[in-house]
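sequence and predicted model, in that order:
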Amino acid sequence: MNTSLLQERETPFYHYDLSLLQSTLDHLLAAARDLPNCHIHYAVKACATPAVLRTIAQAGLGADCVSGGEVRAAFAQGFPADKIVFAGVGKADWEIRLALEIGISCFNVESLPELENINAIAREMGKTARVAFRINPNVDAHTHAKITTGLNENKFGLAMDDMLPTIRHAWSLSHVEYVGLHFHIGSQITDMLPFVHLAERINTLQDQLEQAGITTASINVGGGLGVDYDHPDAHPIPDFEAYFDVFRRYLCLRPLQSLHFELGRSVVAQCGSLISRVLYVKQGHEKQFVIVDAGMTDLLRPALYGSRHQAVNLSAEGEKAEALYDIVGPICESSDVFLTDYRLPTTHRGDLIAFRTAGAYGEIMASQYNCRRLPGHLIEPADSNALAQ
Ligand SMILES: *Cc1c(COP(=O)(O)O)cnc(C)c1O
């Protein structure tokens, strides 16, 4: 990070390091190289900053979208329509129409009424929609309750028992074509065992489908691979090898069947940091507070999930003395706290503080609560020291 260039800019803002993003993509593609018929999609909801999307599209990944706005953004930044998939429990009519107009590769359908609506809209437009069914595999991802999506009581997907009747129903409709099964068990998963369970569950479901005479062209195992929030410098690139190896070893694909992944966080988390400035250092009775100009409106994860982003004082180079601080934002909510009892070099008004590992579910979740302006971003390109918007 070039601190003098960061200094000049009004804070808070996101900084994206495209050379780290590029090497993450290189590692990702190398790790998946020998998986047959493999398609990797980027989950746009993690970060839709245009330069980030363009870099990922240029690497050849597809896009996994969960709204019409994301379909539009992905298409505009260079993802080919035939590499875009569209998931989500509540697709509105205009979103379905937009996706059909663009000609996306597949709708990941999450309920029977949604299937019928897609069929009706496709009929109106004289098109056929390719559909996959999102199945709830009832696999516990052992991650934070708010980001576990694969359990039975979740709002996402169809129950396993409804799989066969729903596929048969799709066959009876004239303007949808059944192409595959879709799964996504949760996010920030760092233990590979839930993915092993997912692969085994998919094998069982595939046996059931075959016994019923149903051919499935594609299997989409979703995303969810976690990153190291505690040691971003030691582990800047997630263990893609271990992740793909699970599916290589445990998933039984049928001949010619394609395998799809939808990775979000693991692609972009480490390349982004939120840069803020210290407004005040306040001496309380029990604690010292570092009050920064970034808040939960800029980075919601600590308030929403209780997550911790490593903080670095970029202005304290050479400072030997340290102290414990609570690092808090200016928003009028008690949950607007980044870190408590956190060790930093002695910190002063005006210092720049970087919150690391903020590329995923960071800028994209920003809001204007308290009438604040959105944080904006600074892009460090992969191929030079120059900065672009
Ligand atoms: C959010 C999401 C993903 C990506 O999850 P990550 O944990 O960021 O990899 C993939 N697929 C679907 C359907 C999602 O909703």
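Structure's in. What do you need? Residues are numbered from 1 along each chain as shown.

tell me who's in contact with the residue in the stretch 251-389 of the chain that the ligand sits nearest to.
Closest residue of the stretch 251-389 of the chain to the ligand, CB to the nearest ligand atom: residue 264 (2.6 Å). Every C-beta, even on glycine, is put in place using the N, C-alpha and C of the backbone. Neighbouring residues of residue 264 by CB atoms under 8 Å, 6 or more residues apart in numbering: 42, 43, 44, 45, 46, 47, 64, 187, 223, 360.

can the residues you listed go into CSV with extra columns for neighbour count, distance to the ligand and secondary structure?
Below are these laid out as CSV (neighbours: other CB atoms under 10 Å; distance: CB to the nearest ligand atom, whole Å; DSSP: H, G, I helix; E, B strand; the rest coil):
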residue, neighbour count, distance to the ligand, secondary structure
42, 31, 9, strand
43, 27, 3, strand
44, 26, 9, helix
45, 20, 5, helix
46, 24, 5, helix
47, 29, 10, coil
64, 32, 5, strand
187, 25, 3, coil
223, 24, 3, coil
360, 25, 6, coil
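
can you put those in CSV and add distance to residue 83 and pLDDT?
Listed next are the contacts of residue 264 as CSV, based on distance: CB to CB, whole Å; pLDDT from 0 to 100:
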residue, distance to residue 83, pLDDT
42, 10, 98
43, 13, 98
44, 12, 98
45, 16, 98
46, 17, 98
47, 18, 98
64, 10, 98
187, 22, 95
223, 15, 97
360, 20, 98
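
quick check, nearest of those residues to residue 336?
Comparing the contacts of residue 264 against residue 336 with CB to CB places residue 360 closest, at 20.3 Å.

separation between that closest one and residue 110?
Distance of residue 360 to residue 110, computed by CB to CB, to the nearest Å: 23 Å.

residue 355 too?
Relative to residue 110, and taking CB to CB, residue 355 is found at 33 Å.

same deal with residue 221?
Counting by CB to CB, the gap from residue 221 to residue 110 is 16 Å.

next, count neighbours for the closest residue to residue 48 other than its chain neighbours.
Spatial nearest neighbour of residue 48, chain neighbours left out: residue 73 (5.1 Å); criterion: CB to CB, 6 or more residues apart in numbering. Neighbour count of residue 73, defined by other CB atoms under 10 Å: 18.

one more: residue 317?
8.

repeat that for residue 249.
Residue 249: 9 neighbours (other CB under 10 Å).

report the buried residues of the host helix or strand of it.
Element membership for residue 249 (DSSP states H and E) is helix 240-250. In terms of neighbour count (16 or more other CB atoms under 10 Å), helix 240-250 has its buried residues at 240, 243, 244, 246, 247, 248, 250.

how about the residue of the stretch 251-389 of the chain closest to the ligand, phi and psi?
phi -120, psi -80 (degrees, to the nearest 10).

report pLDDT for residue 26.
On pLDDT, residue 26 comes in at 98.

which residue is the nearest non-sequential neighbour of it?
Closest to residue 26 by CB to CB, 6+ apart is residue 59, at 8.0 Å.

from what I can see that neighbour touches residue 23, true?
No - in this structure residue 59 lies outside contact range of residue 23 using CB atoms under 8 Å: 10.8 Å.

any low-confidence regions in the protein?
Applying pLDDT under 70 to the chain picks out residues 143-154, 384-389.

and with 80 instead?
The model of the chain has pLDDT under 80 over residues 1-5, 142-155, 383-389.

residues contacting the longest helix along it, please?
For the chain, the longest helix by residue count, based on DSSP state H, is helix 193-211. The contact list for helix 193-211 (CB under 8 Å, 6+ apart) reads 135, 137-142, 150, 160, 163-164, 167, 181, 183, 185-186, 189, 215-216, 219, 221, 224, 243, 246-247, 250-252, 254.

just the buried ones from those residues, in ChimeraX syntax?
Buried residues within the contacts of helix 193-211, by 16+ other CB under 10 Å, are selected in ChimeraX with:
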select :135,137,138,139,141,150,160,163,167,181,183,185,186,189,216,219,221,224,243,246,247,250,251
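
near the ligand too, which of the contacts of helix 193-211?
residue 224 (CB under 6 Å from any ligand atom).

so of the contacts of helix 193-211, which ones are in helices?
Using DSSP H, 163, 164, 167, 243, 246, 247, 250 are the members of those that sit in helices.

what about the fourth one, distance to residue 203?
In this view, residue 243 and residue 203 are 18 Å apart by CB to CB.

phi and psi next, for the most far-flung residue of the chain relative to its centre.
Computed with CA atoms, centre = their mean, the residue of the chain farthest from its C-alpha average is residue 285, at 40.3 Å. Torsion angles at residue 285 (phi, psi; degrees, to the nearest 10) stand at phi -80, psi -40.

just use 23 as the starting number from now, easier for me
In the new count, where the first residue is 23, that last one comes out as residue 307.

out of residue 377 and residue 132, which sits in the busier spot?
residue 377 (27 against 22).
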